[in-house]
Structures are given as structure tokens and as C-alpha cells.
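Engineer: just need the structure, nothing else, for what follows:
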Amino acid sequence: MKATIGVLLGDPNGVGPELAVKALSDPELRAKANILVIGDQNVLRHGEQHADMTLPVAVVSRAEDADYGSEILQFLDVPAIDPADIKPCTVTAEAGRSCVEALRAALTLGQSHTIDGFCFAPLNKKALGMGGASHPDEHVFFATELNHTGPAGEHNVLGDLWTSRVTSHIALKDVAERITQDNVVRATKLAFDTLSMAGFDNPRIGVCALNPHGGDGGIFGREEIDVIAPAVEEAVSKGINAMGPYPSDTIFVKAKDGEFDAVVTMYHDQGQIAMKLMGFKQGVTVSGGLPVPITTPASGTAFDIVGKNIASADGLKQAFLLCTRMGEIRRRNASS
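Structural biologist: Numbering: from 1, shown residues only. Sure, this is the predicted structure:
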């Protein structure tokens, strides 16, 4: 049986609605899963104008009323924004609020297994905060809404290569004090568990160093000796297929050559720069560790190209396909 996957339209003032319309116009993509589009009809029409195409949709007020046997896309209407409040290229509370309402609806449906997961077009973090999600990022918002208290965090995916990180959206000056053995083990286990949920068998996890040249035997810092290497040993003792630490300027060469399924980095840009250089338009972000599969393209709201009909939907398509894969596994596990 196909997975049922929610698709959200993203920030109304960015390229998200346009990307969603473009992706959902692909019949091959629509054949991969039962699709429930979740959002405000005004935002959908706005996206259709920018994409210069129209999607055939059947509007439902309850997800349970969706007819997935139909060729017409099923659209769960979540009224949240007036057309006059859609202001392209602008960060607004109204846009953020519409995203928050759609996300809350999707999270509720995911938690009840009405949908098996969802992917969303790009959001704007500042608008989300203005709209009612006053959290460090959307991943913390998801965990809070799902009442999830276990390990969770952002993973970035390009093809079959994944990354996660020990620290995320914090100042660089605060990174070193957060690199503790417990935190490195937690991030490594989270990567291992998330990849296992995505269908990897005994995923190979490469762990990154913090300092230049991996500390060069302690000359440039001792975190590798005192913290990261012991963390890798502890992870291995827990049955995790972990290796490292490897210097950050060589680990992605090994990963690109297929030596690892995932790389655990110590801070945000260690992994993001490498992954985006290797394939920015195809990159996907996964909210790892949560009970509901949630994905999004790695690109942002791209205010500079809104309305020009040049934004590529490749990343959103990849996010949908990965969410579908994870949703199928979740559905099988729930029925077994």
C-alpha cells in the first residue's frame, strides 16, 4: 500500500508555493504516494500564478474525506491568510502564521498516522517566529508540538549521503564548549538511528574533527584526543558503526567516494558548505529523530527570485521522494 504524504506550500511570500505547484504538476511524482496538499487555498492560487500553471484539486475540510483513488489532488484547506496579506519578498507575521497553522495541522495528522509523513516547501525562520513559533528553529518547534523529548535534530541529505551535527544554530564562539563526549555520542546515535529509519542497513557513520588537521596531535587543540575519539569508541561499544575523528577538510572527500553513509560534523557550516557545494539544488533537510518523517528542500525562500518563474523544484521533489521512502517504512513498521 502506498504511503500517504502531506505536502505543504511554504512561506506565501517566498518561492515555496511556486515550487509546490511545479513539483505537484509532475505525474510521475504524484504516482509515488497518496498526496494530501495542506494549506490555504489563497496561497495555492498565488503559487499557480507564479508558476503559470493550474493544479486540479479537490478541496476537503477533513483529511478523512480525501479520495486518493482520484486523479485529482486532494487539498486540505487550512484557511489562515487573506490574499491582501500575501506580500512577495517580504517577511511578515501573516505569512508566518499561515505556515504555523499548516504545520500544526500536518503534525497532528502525522501523529495520528492519518498521513505517514510530510514535506514542506521553504519556510522563513523569522516569519515563523513572528507568526507564533518562537523556537530556535522549526525542528525544535516540531519536537515541541509532537511532545517529543528524545534526541532530535536536523539532517542534510544529498543522494545517499547524509550529515548531522553536534551543534547547530549557535554562535561559532560557543561551539567548543558544547563539544562534549555525551553530545557527540548523542549526535552519532541520532544519525545512525535516523538512517536506519530511512532503510539503511548498519549505516556507516564518519565523525568529523573540530580543529584544523584534526588537532594535529594536540598542537591545535585537544578536543579530538580528549572528547571526540572517546565518543567514537563509546558509540562503537553501543553497536554503532562509527569511525573517526577525521579532519573536516578530508572527511567529505572520503564520504563523496562512498566510504560513509553519513558524516557527523561538530558545527553547522562544517557540513553545510560541503553539501551545498556538491549539490545545492538537490539537497534535502530531514528532521531526524522524530516519530513522523518530515523533509524539506535545503534551499530557502529565495526572495530575490520570487515571481520570476525560474526557481527549480528539484529539491522539493527530492524531499518528497525521501519522505515517501521513510513514510513507507513507517507504515510497514506500524502494521507489523
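
Engineer: if you count residues, which helix in the chain comes out on top?
Structural biologist: Scanning the chain for the longest helix, with DSSP state H as the assignment, gives helix 314-335.

Engineer: can I get it in PDB, CA atoms only?
Structural biologist: Provided in PDB are the C-alpha atoms of helix 314-335 (Å, rounded to 0.1, in the frame of the first residue of the first chain):
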ATOM      1  CA  ASP A 314      14.200  19.700  -7.900                       C
ATOM      2  CA  GLY A 315      15.000  20.000  -4.200                       C
ATOM      3  CA  LEU A 316      11.300  19.800  -3.200                       C
ATOM      4  CA  LYS A 317      10.900  16.700  -5.400                       C
ATOM      5  CA  GLN A 318      13.800  15.000  -3.700                       C
ATOM      6  CA  ALA A 319      12.400  15.900  -0.300                       C
ATOM      7  CA  PHE A 320       9.000  14.400  -1.300                       C
ATOM      8  CA  LEU A 321      10.700  11.200  -2.600                       C
ATOM      9  CA  LEU A 322      12.700  10.800   0.600                       C
ATOM     10  CA  CYS A 323       9.700  11.500   2.800                       C
ATOM     11  CA  THR A 324       7.800   8.800   0.800                       C
ATOM     12  CA  ARG A 325      10.500   6.300   1.400                       C
ATOM     13  CA  MET A 326      10.600   7.000   5.100                       C
ATOM     14  CA  GLY A 327       6.800   7.000   5.200                       C
ATOM     15  CA  GLU A 328       6.600   3.600   3.600                       C
ATOM     16  CA  ILE A 329       8.900   2.200   6.200                       C
ATOM     17  CA  ARG A 330       6.900   3.800   9.000                       C
ATOM     18  CA  ARG A 331       3.700   2.400   7.600                       C
ATOM     19  CA  ARG A 332       5.200  -1.100   7.400                       C
ATOM     20  CA  ASN A 333       6.500  -0.900  10.900                       C
ATOM     21  CA  ALA A 334       3.200   0.300  12.300                       C
ATOM     22  CA  SER A 335       1.400  -2.600  10.700                       C
END
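
Engineer: how about that helix: buried residues?
Structural biologist: Neighbour counts over helix 314-335 (16 or more other C-beta atoms under 10 Å) mark 314-331 as buried. Just so you know, the C-beta spots here come from the backbone N, C-alpha and C atoms, and that holds for glycine as well.

Engineer: may I see the buried residues of the one helix or strand residue 28 maps to?
Structural biologist: If you go by DSSP states H and E, residue 28 is part of helix 27-30. For helix 27-30, the neighbour count (16+ other C-beta under 10 Å) marks 29-30 as buried.

Engineer: how about stretch 54-70?
Structural biologist: For stretch 54-70, by 16+ other C-beta under 10 Å, it's 55, 57, 63, 66.

Engineer: next one: stretch 195-207
Structural biologist: In stretch 195-207, counting by 16+ other C-beta under 10 Å, buried: 195, 197-198, 200, 203-207.

Engineer: give me the neighbour count for residue 233.
Structural biologist: 12 (other C-beta atoms under 10 Å).

Engineer: tell me which helix or strand it sits in.
Structural biologist: helix 229-237.

Engineer: which elements pack onto that helix?
Structural biologist: helix 181-197, strand 205-208, strand 242-246 (3 or more C-beta pairs under 8 Å, 6 or more residues apart in numbering; DSSP states H and E).

Engineer: from the contact counts, what lies against the helix holding residue 28?
Structural biologist: Using 3+ C-beta pairs under 8 Å, 6+ apart: helix 27-30 touches helix 314-335.

Engineer: residue contacts, residue 126?
Structural biologist: Listed by C-beta atoms under 8 Å, 6 or more residues apart in numbering, the contact set of residue 126 reads 91, 96.

Engineer: hang on, the earlier thing: of the helices and strands packed on helix 229-237, flag the one that's most buried.
Structural biologist: strand 205-208 (a mean of 27; mean count of other C-beta atoms under 10 Å).

Engineer: what sits up against the helix or strand following that one?
Structural biologist: Downstream of strand 205-208, the first helix or strand assigned by DSSP H and E is helix 223. Outside helix 223, the residues that touch it by C-beta under 8 Å, 6+ apart are 176, 179, 209-211, 215.

Engineer: quick check: the farthest pair among the buried residues of stretch 54-70?
Structural biologist: Using C-beta to C-beta, the buried residues of stretch 54-70 span at most 18.1 Å, a distance reached by 55 and 63.

Engineer: so what's residue 275 scoring on pLDDT?
Structural biologist: pLDDT for residue 275: 89.

Engineer: between the strand or helix carrying it and helix 314-335, how many degrees?
Structural biologist: Applying DSSP H and E as the criterion places residue 275 in helix 268-279. For helix 268-279 against helix 314-335, the angle by axes from the mean of the first three to the mean of the last three C-alpha atoms, to 10 degrees is 110 degrees.

Engineer: okay, now the sheet partners of the helix or strand following helix 268-279, with direction.
Structural biologist: Sequence order places strand 284-288 as the next helix or strand after helix 268-279, per DSSP H and E. According to DSSP bridges, strand 284-288 forms sheet pairs with strand 153-158 (antiparallel), strand 294-297 (antiparallel).
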